Structures are given as C-alpha cells and as structure tokens.
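Undergrad: With the input below, show me the fold.
(2 chains)
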Amino acid sequence: MPAANPAPDITVALIGNPNTGKSTLFSALCGVRQRVGNFPGVTVEKKVGQTRFHDQSFSIVDLPGSYSLAPRSPDEMVAVDVLLGRQDAVDTPDVVLCIVDASNLERNLYLVSQVLELGRPTVLALNMLDVAEEKGVTIDAEVLAERLGIRVVQVQANKRIGLAELKAALAEAVGGKAKPLPSPFPEPFQEEVGLLVERGVRPRYMAERLLLDTSGYLDSAKLPGVTDEIRTFLVEARERLSTAGVPIPAVEAMSRYGWVSTVTDGVCRRAADRPASLTDRIDRVLTNRWLGSLFFALVMIVMFQSVFYVAEPASAMIDMMNEFLSNLVMQWLGPGALRSLLINGVIAGVGGVLVFLPQIFVLFLFIAILEDCGYMARAAYLMDRLMSRVGLSGKSFIPLLSSFACAIPGIMAARVIEHPRDRLVTILIAPLMSCSARLPVYTLLIGAFIPDRRYLGILGLKGLTMFAMYAIGIIAATLVALVLRRTIVKGSAPPFVMELPSYKLPGLDIVTYRMFDRGWSFVRRAGTLIFAVTIVVWAAGYYPRNPANIDPALMQAEARLQREITELAATGPSAADELDHRERELAQVQGRISGQYLRHSALGQMGQFIEPAVKPLGWDWRIGCAAIASLPAREVVIATLGVIYNLGEEESESAETLSQTLKKATWEETGQPVFNTPVALSIMVFFALCAQCASTLAVMRRETNSWKWPAFTFVYMTVLAYVGAMATYQIGMQFVTS
Amino acid sequence: MSDVIPLHMLARGEVAAIDQVVGGAHDIQRLEELGLRRGVEIEMLQPGSPCIVALAGHRLCFRQNDAVGILVRAGVAR
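TA: Purely as a prediction, here's the structure:
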C-alpha cells in the first residue's frame, strides 16, 4: 500500500451459497488483482483480491461456496477458521460480505443465520434481483435490513451495478458493533452452550458446533480447549437435550429455518403460480433421457474434436520452434555436453510443456463455458446413472472429463466432490483416462503399424484402434472403481444431491478468467516438473560418456568424413552434390555413435538390464529404455525412441522419419524386425494404462495428503499396464503368421 | 386424505409436500441445508433416478439410495 494512504487495508471475507454469483462478484470487485494459493494442509484454494474505494483499499478473501458453516471435513473447516480469525494464512476479516441469491432467499438465509452468529460486522449483498422478479419474487430490502440489523445492498454482479454502494457499506461496517442476533436455538440448547463456554470452549460458535456435530469430525480435529472432560460433557449434554425434546443435530435446521421464516415473513413474496421459466423449458429437452443424452454426446464430440483439432498444429508449431532454436544453438555451440543439454534437455523440456498448453486451454475454455452457463450440472445429472453403477456419483464426471486432457487438473477438479470416499476413488482412477500426453504415442504407432483397412465403408481400422485405446482406459477405470468400492474404499454411497442452477449466458470475464487461471496452475504444477524430469532423463541418457565404448571404425569414419567435407567445401560449387552426400553420410555415422553412447549410458544399461522382463511384451531393450525414460512423463517416450533407434542400422540415402526408422529396427540377435502390429499394440496398451507421470503422482499426493495413494496408484497402474501389454502381445502373436 | 409415498413415485409435473426425510442424521442435515425438509412443497420435473425436483427457489437433482429417502404427501393443491 502506498505510504500516502492513511486508511488501513480492510480485510473482507466473501461467503455465500454456490450459484449465487459469488465468483462474478469477486471478479467484478477485484478484476485481475488477485493472488491464488492454497490454504496450508487442505485442498482449499486461497483467493485474495484487491480493490479500492476512494482512499480505502480492501483485501477480499474469497471463501469456497457453501450451503452451511457446519464443518464436516478439514476443507469445510477453512471457511469457519477464516471467519473466526483462526486461520493464519489470511488476516482476520474486519467485515464479512455475505452474498445471497434474491430468488432463493429462504435457503440462502440459512447460511446467513450462521454467519450472523459469529458476531462479526456483516454486510449482505442481495444479488440477482432481476432474476427474482422474473420468477415472480419480490423482496422488501429495507425491512430485511432492519430485521437482520445489518446493511443490505442490492447488486447485480454481472452488470457491475451497486459495487460502489457495496464498498461504501463495507467501509462503514468496519469497527461497528455487530448487533448480536438473538440465538435461533431453543432455551435448553443455549444453556448447554453457555455451560460449554464456561468450561473454556471458545468462541461460542465453536461450542455450538461441537454440541451439534455428532459426525466425529470436530472431535477428531483436536480443537484447543476440548479435553476428555468436555467430551464426556458433550455426550451427557446431548442426552439431556434429547430428553428435553431437543434432538441433536436436527434442532439446527429446525431452529434456523424457523428464524428464516420470521425474517422473511412479509419481506419476501412469491407469485402463487411458479411460472414455467426458460430454464424449465430448456431442461425438458436437455435432461430428457434420450434427447438430453444425444445432446450431451454432441457436446462431447464437439469438445474433443476441438481439442484434437488444435493439438496437431500446436505440436507442429512447437516442433518448428524447437528446430529453429536447436539450429540456433548448434550455430553457436560446438558439440559437447552443454549443447546436448540445451537441445535435448532444455529446449525439449520446454517444448514438452508448451505442446500441451493449447489443448488444455481449449478444454478449459469448454469446461468454463459449460460450467458458467449451467450445463455442467445437467451433464453430471445425465452421467449419474452410469456413475452410480460403479459406486460413484455424477459429481465425479467433471474431474474425469478434465482428465482426458490431463489428469492434473482432473485430480484438482475432484475437490468439488464433498464426500471423501467418492473423491478418493475419483482421484485414483482419473489417471486411467487417456490424457493428451498419450495421444502422440498412439498417433505415431497407429500411423506406422496399423494397416489402413476400412470396414463397412466408413470405419477405418486406424480410427478404431485409437477409439479402442480410449475405451481400454475407461473400461479399466470402471473395473478399478468397482473393485476399490468393494475392497479398500468401502462404505455406503452418500446421497447424491446437486443444485441445478438456472441457465444463463456465460460471462466473458469469468470464462476467460477461469480458463487462464486453470491453465496457469497447470503450467505451474506440471510445467516445472515435466521440465525438471526431462533434464534428468537427458542426463541419464548422456552419462557416462566414454569414447572407449564406441566402435573405433565409426570414430574413424566420422573423422574422415569431417575432413572430406572441409576439403569439398573449399573446392567450391562444383562439388555441391558430393558435399551433400558426405554430409548425409556424416549424419548417419554420428547417429550411430550417439546410439552407441546411449547404449552405454546409465539409461541404456537400465534398458538392457530389464530386457528379460519386457521380452514377454514383445519389446527389445531399446523399448524398455524408452519406457524407463518416460517413467516421469510418458510423452518423453517419443523423443527417446527417436534417439535410441536413431538413423539406424543401414545406410540410407534420405533422412528418415521416426516411423520409418521404427519399421526398420531389428533385433540384434536375430535380425528380425522389432516392431510388428502386436508389438505396437502392446506398447500402446502399456501407455494407455501405465502411471508414467510424476506430476500426476505429485498432485495426487498433495490432494490426498499422503504418499500412500500415489504409491498405490503407481503400483496398480503399472501392474495393469504390464499385464495388459503382455496379454495384447501374446494374443496378438497368435494371429500373426510367422 | 392423501397418502405418504416415496418421492420417486411422483409423476412428472406432480406437486407434493415433503413429509419426512429418512436416513442418517448427517445425511438428513445436508439435505435440509439444501432446502429439502419437512413441509416444503416440491414439484417433480424429471422423474427417474436421479430425479429433478423444483423447490421454491431452485432446482435440485436427487438420487435416493438405501441410506436416504424422501417421503412426500402427494396431491397438494397450489
């Protein structure tokens, strides 16, 4: 804050139900001036934005959308801790800004009643009055403010109406004594809470929560001041209340909704007839079992087509850029470790990250649009029928959908699933969805080894193979989810309830914001790791670099060719053809030399070491090498295959593409070709099912707060991949006539 | 007088009042926070499992299972 500014920064905590326009209000207030991070130890995003009003600056803490302040998990506890000033990661809020949807005042006021009990200065933002009017709801804001004892400001967040008034009300509310709201709870309950407070449980709201929470979460949360004595007291108090006709926890909803009805009485009027809204008419089609499913399929097809559509030119562009930069490096640096590090490590590493960006941005753009217009909830509704068969709910749909682009945002999106077991299963199966990193592997191998046949005129074998790879991932995920639900992650399915928001036109600000926000968090989380591992793999493939391991004949040939080229270059244009020929020959020889270096490098030795293990899969040591190299990031396999088989065994006149090189590769002992259709399929199946992605495992660790689950995922997926690849190869070989 | 029936037996467009939410205390609490509670009028928009119902201010989709169910009193006049 500039020194000239006299007024201290006001910290505002923003809270509200989901689908009330909370994010829209946050963006409208703060624009891009926001910092996103994480609250320590939990998976709740910490979003703090800045805004100004005259000389006053505000820090706005955006709390996750919630229907209630009754914490049942560490994630839900964050909002309560922030509001009570017990969360060290943010300043204690000076004022609470509670946003409510005017068309749904009754339910929104449930949360408001909890917020008001905290005793902090509070301002209410009454949003979407226009929508409420359309629905035949009228609200007397003045009487509402009077009854609540706080400022009520009418806003239209999407049109930026009422923002100045809102900021003025926030500044005004600071320091003011919050008028304590009479407790909505019955007398006996209040008395028991009073006794708890006397015994040292503070603040009062937490004492109330402790008494109400019979789920055991707060008990296990080890709150300060909660001793064994208090625990015994709680049990006894609940019994006393139960005999007094105050059932725990049912009393909360009864009391709060009772309070809500006195507050809204005469303030909020609804038209007698609920007019059939546009949303209802759209929903009649879009949630229809047949028409809705058809539309859903269309949306998915358009989305994935767009993702693939940008994937191709994007990777072509990255390749071009890589080549350009590599040539630049080659001009400036002679051969050696540094040049190799820059070209095969740094440039390849950055390219490996960038190549996914366009696809991920397109996918996030679609998801943001679908979310903001309200369709995503309908998709989840439609998918729930399928998901419930494997013991999950429709809420797992969005995370799994995102995982088709990349498992990292997919796993992060699993935060919307509030049930811990569902969330865990979703996280564990997310990496089985064929992410965009598998796409280049499929494309290369299908292009090179799957015959171009057509069935029924339209079904191409290549396309079918691609489809089969996606299907394998989905089928495996289904089976794994079924097994997990019956073994490790047992427990009854929670009730599936989800709000279906009204449809609206997606807001440009919020859609672009979400797209870039998620895109960047991908770059931050995945980018750094992919980059780092590419360099590690480079080092393993480069060192130890001992020229004594190289066939002396090759070294001599290299020296001879280099000499000849220098001589020819001096001769002038007449020797151009000859020069060209020699240069190509030199490239061949150098390729074979780097192949031999690789063979003796740490990576090459590992590949040879595991050859007996990968032979049943139809692989030679070089494929094994590529599999090891791609352990941290599966897309690395392409580059490694390129280096390993590089420009191969025979002399050839023209430069070869990777797929041509692979077709020519032979077993060293027998001279038989390494690759045939079963081998290609076996590699594809392996990569479809394996957990070769360190960033995914790292994100999984963060989201589950333990190394146990990433380790479990790595093991189960690798076993699945190995068995699947072996079965593919062995069965496939039955069809290949030798 | 109308009978109490499970929610999923309502036909499309039928309006009913919630009579009881049955299930574990915490599941009930969650449903109540979302507005599914005794006495509330709901309209069946899309029957099936999960179904879509309209409450006073909003729409919810809900799938009942062995653990949780909603009983309603059908034939409420608007």
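Undergrad: Tell me the residues on chain B that lie near chain A, please.
TA: B:23, B:25-37, B:43, B:45-46, B:48-50, B:52, B:54-68, B:78 (Cβ under 8 Å from any Cβ of the partner chain). Backbone N, C-alpha and C define where each C-beta goes, glycine included.
Undergrad: Which ones among the residues you listed lie within helices?
TA: Among the residues of chain B next to chain A, the residues falling in helices (DSSP state H) are B:Ala25, B:His26, B:Asp27, B:Ile28, B:Gln29, B:Arg30, B:Leu31, B:Glu32, B:Glu33.
Undergrad: Check the secondary structure at the residue nearest to the fourth one when sequence neighbours are not counted for me.
TA: Across the structure, with Cβ to Cβ, 6 or more residues apart in numbering or on different chains as the measure, the residue nearest B:Ile28 apart from its sequence neighbours is B:Val21 (5.0 Å). Judged by DSSP: H, G, I helix; E, B strand; the rest coil, the three-state class of B:Val21 is strand.
Undergrad: Quick check: pLDDT value at the residue of chain B found nearest chain A.
TA: Nearest to chain A, among the residues of chain B, is B:Gly57, at 2.9 Å (Cβ to the nearest Cβ). Looking at B:Gly57, its pLDDT is 75.
Undergrad: Also A:Glu583?
TA: In this prediction A:Glu583 is given a pLDDT of 83.
Undergrad: For it, which non-adjacent residue is spatially closest?
TA: Per Cβ to Cβ, 6+ apart, closest to A:Glu583 is A:Ile565, 6.2 Å.
Undergrad: now the one you found: how far from chain B?
TA: Using Cβ to the nearest Cβ, to the nearest Å, we find A:Ile565 at a distance of 72 Å from chain B.
Undergrad: A:Ala711 too?
TA: 31 Å.
Undergrad: coming back round to it: burial measure for the residue of chain B closest to chain A, as a count.
TA: The local packing of B:Gly57 (other Cβ atoms under 10 Å in any protein chain shown) involves 20 other residues.
Undergrad: what sits against A:Arg281?
TA: Contact analysis of A:Arg281 by Cβ atoms under 8 Å, 6 or more residues apart in numbering or on different chains lists nothing.
Undergrad: and it, that one's in a helix?
TA: Yes. With three-state DSSP as the criterion, A:Arg281 is located in a helix.
Undergrad: What's the local residue count around A:Val82?
TA: Neighbours of A:Val82 (other Cβ under 10 Å): 24.
Undergrad: Now it: which helix or strand?
TA: helix A:74-83 (DSSP states H and E).
Undergrad: quick one: strands adjacent to the helix or strand just after that helix?
TA: Counting by DSSP H and E, the next helix or strand C-terminal to helix A:74-83 is strand A:95-101. Next to strand A:95-101 in the sheet, as set by DSSP bridges, lie strand A:10-16 (parallel), strand A:122-127 (parallel).
Undergrad: Serialize these to a markdown table and add fields for mean pLDDT and mean neighbour count.
TA: Below are the strands paired with strand A:95-101 laid out as a markdown table (pLDDT from 0 to 100; neighbours: other Cβ atoms under 10 Å in any protein chain shown):
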| stretch | mean pLDDT | mean neighbour count |
| --- | --- | --- |
| strand A:10-16 | 95 | 25 |
| strand A:122-127 | 96 | 26 |
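Undergrad: Can you give me the domain assignment for chain A?
TA: Chain A breaks down into these structural domains: A:10-173, A:187-245, A:279-545+A:601-738 (assignment by automatic domain parsing).
Undergrad: dump the residue contacts of A:Met303.
TA: A:Leu363, A:Phe366.
Undergrad: what about the strands in chain B?
TA: B:4-6, B:15-22, B:41-46, B:51-54, B:59-63, B:69-74 (DSSP state E).
Undergrad: Would you mind checking the average pLDDT for the shortest one?
TA: Across strand B:4-6, the average pLDDT comes to 91.
Undergrad: Pull the residues that contact it.
TA: B:Asp19, B:Gln20, B:Gln64, B:Gly69, B:Ile70, B:Leu71, B:Val72, B:Arg73, B:Ala74.
Undergrad: In ChimeraX, select just the buried ones from those residues.
TA: Selection of the buried residues among those in ChimeraX, burial being defined by 16 or more other Cβ atoms under 10 Å in any protein chain shown:
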select /B:19,64,69,70,71,72,73,74
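Undergrad: For chain A, which segments are assigned as strands?
TA: Under DSSP E, chain A gives strands at A:10-16, A:34-38, A:45-53, A:56-62, A:95-101, A:122-127, A:137-139, A:151-155, A:268-270, A:454-455, A:459-460, A:496-500.
Undergrad: Redo those strands as a markdown table? Include distance to A:Gln305.
TA: Output for the strands of chain A, formatted as a markdown table (distance: least, Cβ to Cβ, whole Å):
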| stretch | distance to A:Gln305 |
| --- | --- |
| strand A:10-16 | 37 |
| strand A:34-38 | 31 |
| strand A:45-53 | 31 |
| strand A:56-62 | 34 |
| strand A:95-101 | 36 |
| strand A:122-127 | 36 |
| strand A:137-139 | 41 |
| strand A:151-155 | 39 |
| strand A:268-270 | 44 |
| strand A:454-455 | 20 |
| strand A:459-460 | 16 |
| strand A:496-500 | 27 |
